[in-house]
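In: Okay, sequence plus prediction incoming.
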Amino acid sequence: SGLNLAPLNCYAISATMAQPDVYKLSTTLQGHQGDVRGACFSPDDVYVITGARDNKAILWQRSDDGKSFTQGATLEGHSRYILSVAWLPANDAFPHGLVATASLDKTVLLFDPTHPLGPVAQVVGHADAVCRVNPGPEPNQFLTSSWDSTAKVWSYDGQELGSFKGHQAAVWDVAMLNSNQVVTASADKSLKLWQRDGQCTHTLHGHTDAVRSLAVLSEELFLSAANDGDVRMWTSQGDLLSVTRVSDQYIYSIAALSVNQYVTCGEDSQVRFWTVGKNDPDQTLPMPCGSLWHVHTRHQALGGNGDVIVSCDDTTAKLFTPSTERCANDADLAAFDEVVQAVLSSKASASVGALKKDELPGREALSTPGTQEGQHLLVNHQGSVEAYTWAPSGWQFAGQVTDAKEADYTFTVDLDGRTLKLEYNNGEEPYEVAQKFIHKHELQQSFLDQIAAFIVQNANVPTLGESQPSGNPDPFTRSQPAAAARQHFPNVNFVTFTKGNSAAAARKLSELNQSAQLLTPEHEAHVVETIQTPSGPKVAVALSILAQALPSHPEDISVPMMDLLRLLATMSNPSELGEATDWATTLAQTCTVIESAASGPLVMLAFRFLNNAVPILERTNAPTLVIALIQALKTGLSLNASSFKPAHLLAMATLALNTSTFLQSQDIQADNVAELEFTCLQYTTMLLAIRTLDSEGTYRTLVALGTLLMGSETAQALAESMPDMLARLQELSSSSEPRLQQASQELLALASKQ
């Protein structure tokens, strides 16, 4: 490989060992409301501590059976996500040690596990998120690393004892290598070796992306894992001993099992067990979740039993053990494996990319052995794309790929000293993508507009103010106004919510129908057939079937039905659906669902369905149907809409926008249209007053108002007499976000024309 590697045998490491242990699930710890970002065992193996994105840590106590755990105290005090936890060694003052939690709020809290009602100390001193906390050089000291590009050493009373400065980006991990040396890993792609007094003795290069995690094998050897997918082994003198390719995706965490063995996890949803000196894992455990944020072990060289705990993005921590006494029973193991296989099949379908079937190999490719356990292979068999996973026994069928699509755009983004991967698909809402990106990587919320603007600019996303065809435009039934002189309105194109997996929704419907008898067998067969081979008449009937069934079922059943209804509305040309469906009944049923809904998701899906229905309603030649859309807005606002999540409010704001756009295609001289415009203006103004509306929702509401005002001088006159709307516009006209500022100023100018 061109690397100058020191010989392994100089360090008494043997690649020829006894057969590695086989790990199996021991138990799952479930008690958090967000991603579990860190977990660790207590030194006596009696407790486990977990920390999560719900800002809380939970103390778990091992039960008498030796494998299950009982949820104990909840440790609170952080104002933002917990990123790391550690059990610090005991000293005279704290004979059971201390639990340390590090957070995005830039602090570390220390708890006495025997009296966990509140922290015994709050450690303040970092200028940015504290992403790792670990034991320090002495029993009364601990280490931290931070996105502020430093690592620090502290006393148990929260006093800063020293600092390690020199990295040019976030320091993701810090650890004691031995009694005299500290090692740090950074997003600047380097590692540094330090003396305890803070003097840097070596800077180690080689990784090609952010270095995320460290594992100490012995006082002379340590491992580093990075976003480049490699694990590198180094000596305490800075010599590189080996490079192992672990994954094609980010590695988030690495931990030592012994001087010869280690374990890794990351973005590829797999826990891998390795022997030093080998290029293939001893064992690969696929997991039924997405990101695996952290792995912690009971290091055998330190008296541990080899158990492993993995922090997962599905709100759980999962324990694995090589011990037959501590592993789960056969039924639980079988259930876990079943879930893993189901998720593995789903992931294979969702992540393999936008493929051309004729470019894929046939099943003959399965005769060639894989290169490492866990490797995936896609083949084209009689027109179907199949996914296989390599195992010691050969290629194992993982599932059929039914909706293969990769991201249309993949950007490399440098934020907070970190290099991150941002993916975007055409048709997605930039602000929704940006918000998910912020949540995933714990970025500051202030980056939202910057990230969304980056997506819009670099993915050539058309904005609401641009004239673009929507759905299936028909120039003979709708005349589109010429390009607007104003920058932000009027809007001339409907905004819909088309992303989703209709096949998966149909399968869910069939599962529910078996137990709840939602539909007659004939109706179920028609809906499933429609999804497989949609056409205008069939879609119209399927829409009526689902709409009529909705109000008679509880919400857990109504949610997948409404999602399927939403997707069906986009499966045919609007002109084929307008007159073929009893829209008056369908809209009334949907409003009933909104009125009786107890959960935000069902309300959100109902509004998304209504948005998808607007292009169809425009073709019905029955403009009075818009009354149902306005009634839905009124009902949504009456449900304490300020408590809704931004995604739910965005669906409402989009309906206000689409309704305003719909009205502009009608005869503005008709009395009922003028009345509808006024009513829509009232409810859109109420929506604008909701302070929890996010940036994109606020913008869509402003564009809705502008579209109404530009289409009617009567609406402009009415706006001038609505002081609440004018006050809100005046407030937004000084917004720090240019588009909100400009749109508000344009609206104020319109309202003052009379």
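Out: Received it, and whenever you're ready, just let me know what you need. Numbering: from 1, shown residues only.
In: same question for whatever helix or strand Thr707 lives in, mean pLDDT?
Out: In this structure, Thr707 sits in helix 695-710 according to DSSP states H and E. Averaged across helix 695-710, pLDDT comes to 91.
In: now the residue lying closest to Ser68 once chain neighbours are set aside, what's its secondary structure?
Out: Ranked by C-beta to C-beta, 6 or more residues apart in numbering and with sequence neighbours excluded, the top spatial neighbour of Ser68 is Thr27, at 5.2 Å. The way it works is simple: take the backbone N, C-alpha and C, and place the C-beta from them, glycine included. The local conformation at Thr27, judged by DSSP: H, G, I helix; E, B strand; the rest coil, is strand.
In: what number of residues lie near Thr27?
Out: 23 (other C-beta atoms under 10 Å).
In: for it, what are its contacts?
Out: Lys67, Ser68, Phe69, Lys318, Leu319, Ala328 (C-beta atoms under 8 Å, 6 or more residues apart in numbering).
In: now with 7 Å?
Out: Residues near Thr27 by C-beta atoms under 7 Å, 6 or more residues apart in numbering: Lys67, Ser68, Phe69, Leu319, Ala328.
In: surely the third one meets Tyr47?
Out: Okay, so that is Phe69. No: under the criterion of C-beta atoms under 7 Å, Phe69 makes no contact with Tyr47, lying 8.4 Å away.
In: Comparing the two, which shows the higher neighbour count?
Out: Per other C-beta under 10 Å, whichever of Phe69 and Tyr47 has more neighbours is Phe69, with 23 against 20.
In: If that one is in a bridge, with which residues?
Out: Arg62 (DSSP bridges).
In: Show me the shaky parts of the stretch 451-600 of the chain.
Out: Filtered on pLDDT under 70, the stretch 451-600 of the chain yields the residue ranges 460, 462-486, 551-556, 575-581, 598-600.
In: Swap in 50 and give it another go.
Out: Scanning the stretch 451-600 of the chain for pLDDT under 50 picks out 465-485.
In: related to what we said a few turns ago, identify the contacts common to Phe69 and Tyr47.
Out: With C-beta under 7 Å, 6+ apart as the test, Phe69 and Tyr47 both reach Trp60, Gln61.
In: before we move on, back to that, can you tell me which of the contacts of Thr27 has the most neighbours?
Out: Leu319 (26 neighbours).
In: List the buried residues in the helix holding Thr707.
Out: Under the neighbour-count criterion of 16 or more other C-beta atoms under 10 Å, helix 695-710 has 695-710 buried.
In: the inter-axis angle of the helix or strand that comes right after that helix versus helix 695-710?
Out: On the C-terminal side of helix 695-710, the nearest following helix or strand under DSSP H and E is helix 713-720. Relative orientation of helix 713-720 versus helix 695-710 (axes from the mean of the first three to the mean of the last three C-alpha atoms, to 10 degrees): 120 degrees.
In: Tell me which residues are up against helix 713-720.
Out: Residues contacting helix 713-720 (C-beta under 7 Å, 6+ apart): Ala674, Glu677, Phe678, Leu681, Leu708, Leu709, Met725, Leu750, Ala751, Ser752, Lys753, Gln754.
In: Neighbour-wise, give me the winner out of the residues you listed.
Out: When neighbours are counted by other C-beta under 10 Å, Leu708 leads the contacts of helix 713-720 with 30 neighbours.
In: ok, it - contacts?
Out: So Leu708 contacts Ser660, Glu677, Cys680, Leu681, Ala715 (C-beta under 7 Å, 6+ apart).
In: Quick check: next helix or strand after the helix or strand where the first one lies?
Out: In this case it means Ser660. Using DSSP H and E, Ser660 sits within helix 646-664. Counting by DSSP H and E, the next helix or strand C-terminal to helix 646-664 is helix 671-688.
In: Distance check, the residue lying closest to Gln71 once chain neighbours are set aside against Asp92.
Out: In this structure, Gln71 finds its nearest non-sequential neighbour in Gly31, 4.9 Å apart by C-beta to C-beta, 6+ apart. Distance of Gly31 to Asp92, given as C-beta to C-beta, to the nearest Å: 32 Å.
In: who's more crowded, those two?
Out: Gly31 (18 against 7).
In: Wait, that one touches Thr70, no?
Out: No: counting by C-beta under 7 Å, Gly31 stays clear of Thr70, with 10.4 Å between them.
In: still on that earlier bit, now the helix holding Ser660 against helix 713-720, angle please.
Out: Using the same axes, to 10 degrees: helix 646-664 against helix 713-720 is 140 degrees.
In: Now helix 646-664: buried residues?
Out: Going by 16+ other C-beta under 10 Å, helix 646-664 has these buried residues: 646-664.
In: ok, now stretch 510-520?
Out: By 16+ other C-beta under 10 Å, the buried positions in stretch 510-520 come out as Leu512, Asn513, Leu518, Leu519.
In: that older thread, among the contacts of Leu708, which one lies nearest to Ala628?
Out: Cys680 (12.3 Å; C-beta to C-beta).
In: tally of neighbours for the closest one?
Out: Cys680: 24 neighbours (other C-beta under 10 Å).
In: Tell me who's in contact with it.
Out: Cys680 touches Ile630, Thr659, Ser660, Leu663, Leu708, counting by C-beta under 7 Å, 6+ apart.
In: circling back: can you state the direction angle for the helix holding Ser660 and helix 671-688?
Out: Going by the same axes, to 10 degrees, helix 646-664 makes 160 degrees with helix 671-688.
In: Check the offset of helix 646-664 from the chain's centre.
Out: 25 Å (C-alpha atoms, centre = their mean, to the nearest Å).
In: and that helix, what's its mean pLDDT?
Out: Mean predicted lDDT for helix 646-664 stands at 89.
In: name the helices or strands packed onto it?
Out: When contacts are defined as 3 or more C-beta pairs under 7 Å, 6 or more residues apart in numbering; DSSP states H and E, helix 646-664 sits against helix 600-617, helix 626-638, helix 671-688, helix 695-710.
In: Recalculate using a threshold of 10 Å.
Out: For helix 646-664, the packing partners by 3 or more C-beta pairs under 10 Å, 6 or more residues apart in numbering; DSSP states H and E come out as helix 430-441, helix 600-617, helix 626-638, helix 671-688, helix 695-710.
In: Between those helices, which one is closest to Ala255.
Out: helix 430-441 (21.9 Å).
In: Can you mark which positions in the closest one are buried?
Out: Pro430, Tyr431, Glu432, Val433, Ala434, Gln435, Phe437, Ile438.
In: As TSV, those with distance to Ile690 and pLDDT would be great.
Out: Formatted as TSV, those follow (distance: C-beta to C-beta, whole Å; pLDDT from 0 to 100):
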residue	distance to Ile690	pLDDT
Pro430	21	79
Tyr431	16	72
Glu432	18	71
Val433	22	81
Ala434	20	79
Gln435	17	72
Phe437	24	81
Ile438	21	75
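In: So which of these is the closest to Ala39?
Out: Looking across these and measuring by C-beta to C-beta, the closest to Ala39 is Ile438, at 23.7 Å.
In: still on that earlier bit, and the contacts of Thr27, which two are furthest apart?
Out: The widest separation within the contacts of Thr27 (C-beta to C-beta) is 12.3 Å, between Phe69 and Ala328.
In: Overlap in contacts, the two.
Out: Ser26, Thr27, Thr28, Leu319 (C-beta atoms under 10 Å, 6 or more residues apart in numbering).
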